[in-house]
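In: coordinates only, sequence not included:
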């Protein structure tokens, strides 16, 4: 999330509209607003959308096609850690590209090499039906290219130690 936010801050003007797909709790929408962007989001589930609307966010139930026509054209589209949940991820990426052809997409996926040995982590959540695919940087780059995007893919390293907290404390937070 921090890497995507840094990229958006470097490449978009202040007050730019940013669409987050699968915005869930709205944590990233809040971060976008704090950094001066105009956030709006979609989510396939009604409860998060209702909660976000009650909090004052522009949110709608659905993914791409359900974006209201009166919403601004996004300067960028964000899809964080959710591509793994779609049975047709390439179809989703193509839908985003077709609907918003000028908007760059900032997409993140869980590492296929991440450790599942974190204490108290339910490993079943990392497999179907919750996660359907695994993405290496090369595979994600190829999918984005097939959807009509060009750009780069990089790996964001997450340090579990530092700032005076144990890895367990940071992980459980």
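Out: Received the coordinates, thanks. What you see is a predicted model, and the numbers here were worked out from it, not measured in a lab. Numbers count the residues shown, from 1 in each chain.

In: What segments of this structure are strands?
Out: Ranges of strands in the chain, per DSSP state E, are 17-21, 38-43, 58-61, 76-80, 105-108.

In: Which of those strands comes out lowest on mean pLDDT?
Out: Note on the strands of the chain: strand 105-108 shows the lowest mean pLDDT, a mean of 93.

In: Check which helices and strands that strand sits against.
Out: On a contact count with 3 or more CB pairs under 8 Å, 6 or more residues apart in numbering; DSSP states H and E, strand 105-108 meets helix 2-11, strand 76-80, helix 89-99, helix 137-146. C-beta coordinates here come from the backbone N, C-alpha and C atoms, glycine included.

In: make it 6 Å
Out: Applying 3 or more CB pairs under 6 Å, 6 or more residues apart in numbering; DSSP states H and E, we find strand 105-108 packed against strand 76-80.

In: Check which helices and strands the strand it packs on is in contact with.
Out: By 3+ CB pairs under 6 Å, 6+ apart, strand 76-80 packs against strand 17-21, strand 105-108.

In: Go again with 7 Å.
Out: helix 2-11, strand 17-21, strand 105-108 (3 or more CB pairs under 7 Å, 6 or more residues apart in numbering; DSSP states H and E).

In: Residues touching it, excluding its own?
Out: Contact with strand 76-80 is made by 1, 4, 8, 12, 18-22, 28, 96, 100, 103-108, as judged by CB atoms under 7 Å, 6 or more residues apart in numbering.

In: Sheet partners, orientation included, of that strand?
Out: According to DSSP bridges, strand 76-80 forms sheet pairs with strand 17-21 (parallel), strand 105-108 (parallel).

In: quick one: that strand to chain centroid distance?
Out: 5 Å (CA atoms, centre = their mean, to the nearest Å).

In: try stretch 56-67
Out: Distance, centroid of stretch 56-67 to centroid of chain: 14 Å (CA atoms, centre = their mean).

In: Now the terminal residues of that stretch, how far apart.
Out: Terminal residues of stretch 56-67 are spaced 17 Å apart (CA to CA, to the nearest Å).

In: Name the residues of that stretch that are buried.
Out: 57, 58, 59, 60, 63, 64, 67 (16 or more other CB atoms under 10 Å).

In: any low-confidence regions in the chain?
Out: 111-133, 157-173 (pLDDT under 70).

In: switch to 50 and redo it
Out: Residue ranges of the chain with pLDDT under 50: 167, 170-173.

In: Figure out the length between the terminal residues of stretch 17-37.
Out: End residues of stretch 17-37 are separated by 6 Å (CA to CA).
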